[in-house]
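# generate coordinates for the sequence data below:
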Amino acid sequence: QVHMVESGGGLVQAGGSLRLSCAASGGTFSSNFMGWFRQAPGKERTLVAVINWSTNWTYYVDSVKGRFTISRDNAKNTMYLQMNTLKPEDTAVYYCNTNPPKTDSWGQGTQVTVSS
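Numbers count the residues shown, from 1 in each chain. Here you go, the predicted structure:
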């Protein structure tokens, strides 16, 4: 069973940057569409960005457009989320998964905390 392993989170001041990484444990990414998701305290997990592994097509939710960049490294079988100009409302646990997500593939996520 393939599980996602997220890393790169941390505590950063508003306006700062972080780069998250996502790797597949126990296999490779099994879908052409991979996504980053986040779950803020007391809220549901929501989609942040999507990338097509073959064409590099990308999609972003409006709240992160122009600030976040999703990318992939085929050779390393790794996906990234570059987050710039971070805001306190970006505070959440960030997850990666296929899009649409596979229930059994969720990892532990990585915590991103943005202080004001």
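# tell me how far the most centrally placed residue in the chain lies from R45.
With distances taken as C-alpha atoms, centre = their mean, W36 lies nearest the centre of the chain, 3.0 Å away. As judged by C-beta to C-beta, to the nearest Å, W36 and R45 stand 11 Å apart. The C-beta positions use only the backbone N, C-alpha and C, and glycine is treated the same way.
# now for these two: what residues contact both?
Here W36 and R45 have Y95 as joint contacts, going by C-beta atoms under 8 Å, 6 or more residues apart in numbering.
# kindly export the strand or helix carrying N97 (C-alpha atoms) in PDB.
For N97, the host element (DSSP states H and E) is strand 92-98. In PDB, the C-alpha atoms belonging to strand 92-98 read as follows (Å, rounded to 0.1, in the frame of the first residue of the first chain):
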ATOM      1  CA  ALA A  92      -2.700  24.200   8.600                       C
ATOM      2  CA  VAL A  93      -1.500  20.600   8.300                       C
ATOM      3  CA  TYR A  94      -0.500  20.100   4.700                       C
ATOM      4  CA  TYR A  95      -1.000  16.700   3.000                       C
ATOM      5  CA  CYS A  96      -0.400  15.300  -0.400                       C
ATOM      6  CA  ASN A  97      -2.300  12.700  -2.300                       C
ATOM      7  CA  THR A  98      -3.700  11.800  -5.700                       C
END
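# list the buried residues in the following helix or strand past it.
Next helix or strand after strand 92-98 toward the C-terminus (DSSP H and E): strand 110-115. By neighbour count on 16 or more other C-beta atoms under 10 Å, the buried set for strand 110-115 is T110, V112, V114.
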